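Chemist: here is my input, please return the structure:
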Amino acid sequence: MSLQCLVFDCDGVILDSVPVKTRAFARLAEPFGPEARDRFVMYHTVHGGVSRYKKFEWFFREVLEREISEEESAQWGRLFAQYALDEVRRCPLIPGVRDVLETWSGRLPLYVCSGAPEEELLLVLRERQLDAYFAGIHGSPPAKAQVLERIIRDAGVEAENTLMVGDAVTDRDAAEHAGALFYGVGRELRGGPFPWG
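Modeler: So this is what the prediction gives:
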């Protein structure tokens with residue numbers, strides 16, 4: 001095996017932004033009561049890496065017992081960005097990630113594959129002067145597995161020689177779906193801190 005490409009999730013892998021986004025989901029559901037809020041936060045926590053819009057759909061269907069309208073989805077998307085975006089712009093980096101990016105930049109193509117909306121992802125990584133490390137920065141839509149497949153195809157590398165670094169089951173599942181290698185970081189997928197910087 002010869003590693004050809006490194007692909008990173010963003011929240012929880014590059015930026016320590018998972019707590020920020022968890023608070024934003026809680027704030028969205030707060031008007032519907034503590035039980036609804038707690039169910040939404042639990043769903044978000046278990047389904048890290050899934051598009052926020054899919055999470056909104058789940059909340060309306062499973063908690064409010066109705067389908068979300070396009071207008072409501074757009075409104076919740078705007079509110080979520082309002083609640084989270086400023087903090088995401090300022091939150092710390094995951095310890096060790098800067099060293100990893102410095103080490104591998106120029107040696108292998110580096111990509112971002114995130115469940116966050118692509119436009120927002122580009123904005124935040126540019127503002128934080130992290131975009132220069134990456135050959136490509138990709139978010140949702142589509143789902144993460146499809147984004148990862150597209151990265152592999154566009155990079156012209158072999159899936160089995162591509163390493164996806166993530167902190168959620170969704171990241172691991174995307175790597176498995178695409179036939180890529182996977183390295184888990186953080187509490188959920190206890191791979192530990194970056195050891196290969």
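Chemist: from the middle of its chain, how far away would stretch 144-155 be?
Modeler: From the chain centre to the centre of stretch 144-155 is a distance of 14 Å (C-alpha atoms, centre = their mean, to the nearest Å).
Chemist: quick one: the helices in the chain?
Modeler: 18-29, 34-46, 52-58, 70-90, 97-104, 118-127, 144-155, 169-178 (DSSP state H).
Chemist: tell me which residue is most central in this structure.
Modeler: Among the residues of the chain, the one closest to the centroid is Ser114, at 3.7 Å (C-alpha atoms, centre = their mean).
Chemist: next, count neighbours for the closest residue to it other than its chain neighbours.
Modeler: Computed as C-beta to C-beta, 6 or more residues apart in numbering, the closest residue to Ser114 that is not its neighbour in sequence is Cys10, at 4.1 Å. To be clear about C-beta, it is placed using only N, CA and C from the backbone, and glycine gets the same treatment. Residues lying near Cys10 (other C-beta atoms under 10 Å) number 25.
Chemist: need the pLDDT of Cys10.
Modeler: pLDDT for Cys10: 96.
Chemist: ok, now which ones touch it?
Modeler: 17, 112, 114, 116, 121, 125, 139 (C-beta atoms under 8 Å, 6 or more residues apart in numbering).
Chemist: please tell me how far it sits from Glu127.
Modeler: 13 Å (C-beta to C-beta, to the nearest Å).
Chemist: hmm, Thr22 and Thr45 touching each other?
Modeler: Yes: with contact defined as C-beta atoms under 8 Å, Thr45 counts as touching Thr22 (6.8 Å).
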